[in-house]
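A.B. asks: Below is the structure, and that's it, no one-letter string:
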């Protein structure tokens, strides 16, 4: 089932001492209440470079010969693998060239450059970058460091599985984001390998394994479900998704093979669930997480039926552009019913706007922004329209506010 053994992972952990930090496992009360049992968050967003990627990148580059390292390495990434490769290469005195999508987040670009890597932008998708990086490697003899489809990379990521099982030995479900599959394949190999060792040591034979491994993919970039249904890795067309870190159009050959024997299920999550998960992580767990890193939490919000506590959810990364963070948080607030964008018709007469705002204040609404339009072809001469961004206390409060305004004669349109 796996080309990565528990002994391989133990050796990788020794190699990573002083390079990757053991990240904390923190309980989430709100998610525990939702699932009716313990839920713990594995905070790889607190890892060096802001994600788990340094683990696999360092193990891979450290395994190269001196001659190979002298030729340099190339990589393709939307940002997290880029930073992992750049830092690992700098620590191992190796030149790194990283191919990143045109729209890669600016903080990830700046951090990758800051670690000393050269950056090339070959096209809009990670798949474009993979092709370009492989071509550069073929042309100049540099070693291509694949973001997920190599045993050394998978083994490095698998060290998270060792930590999880040591920190929560009674875990029944592990949920983690999935792009190309290296993270989940590695965690599955380590966690199920350790579980098998424990069962053997206890003299248990037969029966179903007690540990479930579940992956979470953004619905707009979910290559694993159709691949598993087809019985082989299958290329898909990726739709735009805020979870750029897991937007991969085709599973790896190695990771696909490992999934079929080790992973129990892969579920998909919507953009709305991802934004609400990111908001939950920030508000309730005090963890800054990027959209891809929050996909596992989104899976609990959408698919709580699929897991059995105690549950460990991997927060795989925290590298989010502050501008994107503000947009995603607003999206999450809207999804939770705490943020409204409303167009309101009112009479075009002195004091009408003041009256509307006063009524909103009486209803406990925080008005974030107002745009007042008095002249437009769609408006009757005697009317004006106000576009308002409103903050409420939740879905019930929002419904009450809209109902009360309509009762008072206002014509409302939600935007």
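C.D. replies: Arrived safely. Fair warning: this is a prediction, and the values are worked out from it, not measured in the lab.
A.B. asks: From the chain's centroid, how far away is stretch 78-85?
C.D. replies: 14 Å (C-alpha atoms, centre = their mean, to the nearest Å).
A.B. asks: and the longest helix for this structure?
C.D. replies: In the chain, with assignment by DSSP state H, the single longest helix is helix 182-201.
A.B. asks: Quick check: buried residues in that helix?
C.D. replies: 182-195, 199 (16 or more other C-beta atoms under 10 Å). Yep, even glycine has a C-beta here, placed from its N, CA and C like the rest.
A.B. asks: other SSEs contacting the worst-scoring helix or strand of the chain on mean pLDDT?
C.D. replies: Across the helices and strands of the chain, mean pLDDT, DSSP states H and E gives its lowest value to helix 322-335, namely a mean of 81. If you count contacts as 3 or more C-beta pairs under 8 Å, 6 or more residues apart in numbering; DSSP states H and E, helix 322-335 packs onto helix 271-284, strand 339-347.
A.B. asks: The same query, at a cut-off of 10 Å, please.
C.D. replies: On a contact count with 3 or more C-beta pairs under 10 Å, 6 or more residues apart in numbering; DSSP states H and E, helix 322-335 meets helix 106-114, helix 271-284, strand 339-347, strand 383-391.
A.B. asks: got the angle for the second one vs helix 322-335?
C.D. replies: For helix 271-284 against helix 322-335, the angle between stretch directions is 100 degrees (axes from the mean of the first three to the mean of the last three C-alpha atoms, to 10 degrees).
A.B. asks: what are the ranges of the strands in the stretch 101-250 of the chain?
C.D. replies: Using DSSP state E, counting those that start in this stretch, the strands of the stretch 101-250 of the chain run over 118-120, 143-145, 173-177, 212-218.
A.B. asks: In CSV: those, plus mean neighbour count, distance to residue 90 and mean pLDDT.
C.D. replies: Putting those into CSV (neighbours: other C-beta atoms under 10 Å; distance: least, C-beta to C-beta, whole Å; pLDDT from 0 to 100) gives the following:
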stretch, mean neighbour count, distance to residue 90, mean pLDDT
strand 118-120, 15, 12, 96
strand 143-145, 21, 13, 96
strand 173-177, 29, 26, 98
strand 212-218, 27, 31, 97
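A.B. asks: Any chance of CSV for those strands, columns distance to residue 366?
C.D. replies: Below are those laid out as CSV (distance: least, C-beta to C-beta, whole Å):
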stretch, distance to residue 366
strand 118-120, 41
strand 143-145, 48
strand 173-177, 33
strand 212-218, 31
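A.B. asks: give the contact list for residue 73.
C.D. replies: Applying C-beta atoms under 10 Å, 6 or more residues apart in numbering, we find residue 73 in contact with 57, 60-61, 64, 85-86, 88-89, 92, 94-98, 117, 133, 137, 142-145.
A.B. asks: do the same with residue 235
C.D. replies: Shown in contact with residue 235 (C-beta under 10 Å, 6+ apart): 127, 223, 226-227, 249-251.
A.B. asks: wait, doesn't residue 226 sit right on residue 256?
C.D. replies: No: counting by C-beta atoms under 10 Å, residue 226 does not reach residue 256; the two are 11.6 Å apart.
A.B. asks: list the contacts for residue 77?
C.D. replies: Neighbour list for residue 77: 53, 57, 83-86, 98-101, 104, 108, 112, 126, 129-130, 133, 145, 147, 245 [criterion: C-beta under 10 Å, 6+ apart].
A.B. asks: if you set the cut-off to 7 Å instead, what comes out?
C.D. replies: Contacts for residue 77 were tallied using C-beta atoms under 7 Å, 6 or more residues apart in numbering; they are 98, 100, 129, 147.
A.B. asks: Of all pairs in those, which one is the farthest apart?
C.D. replies: Of all pairs drawn from the contacts of residue 77, the greatest distance, 11.5 Å, lies between 100 and 147 (C-beta to C-beta).
A.B. asks: related to what we said a few turns ago, for residue 288, state which of the contacts of residue 77 is nearest.
C.D. replies: Of these, the one sitting nearest to residue 288 (C-beta to C-beta) turns out to be residue 100, at 21.5 Å.
A.B. asks: what about that closest one, distance to residue 401?
C.D. replies: 44 Å (C-beta to C-beta, to the nearest Å).
A.B. asks: neighbour-wise, which of those two wins?
C.D. replies: residue 100 (26 against 21; other C-beta atoms under 10 Å).
A.B. asks: can you count the residues close to residue 380?
C.D. replies: The number of residues packed near residue 380 is 10, by other C-beta under 10 Å.
A.B. asks: Start at 56, not 1
C.D. replies: Taking 56 as the first residue, the last one we looked at is residue 435.
A.B. asks: Can you tell me how far it is from residue 403?
C.D. replies: For residue 435 relative to residue 403 (C-beta to C-beta), the value is 9 Å.
A.B. asks: likewise residue 355?
C.D. replies: From residue 355 over to residue 403 (counting by C-beta to C-beta), the distance is 49 Å.
A.B. asks: And the two? Which one has more around it.
C.D. replies: Taking neighbours as other C-beta under 10 Å, residue 355 and residue 403 compare with residue 355 leading, 26 against 17.
A.B. asks: Give the bridge partners for the residue nearest to residue 189 when sequence neighbours are not counted, please.
C.D. replies: Excluding its sequence neighbours, the residue lying closest to residue 189 (C-beta to C-beta, 6 or more residues apart in numbering) is residue 199, at 5.5 Å. Per DSSP bridges, the residues bridged to residue 199 are residue 129.
A.B. asks: ok, back up a step: so which of the helices and strands packed on helix 377-390 is the most packed in?
C.D. replies: Most buried of the helices and strands packed on helix 377-390, by mean neighbour count (mean count of other C-beta atoms under 10 Å): helix 326-339, with a mean of 23.
A.B. asks: tilt between the helix or strand just after that helix and helix 237-256?
C.D. replies: Per DSSP states H and E, the first helix or strand lying C-terminal to helix 326-339 is helix 350-357. Orientation check (the same axes, to 10 degrees): helix 350-357 against helix 237-256 gives 80 degrees.
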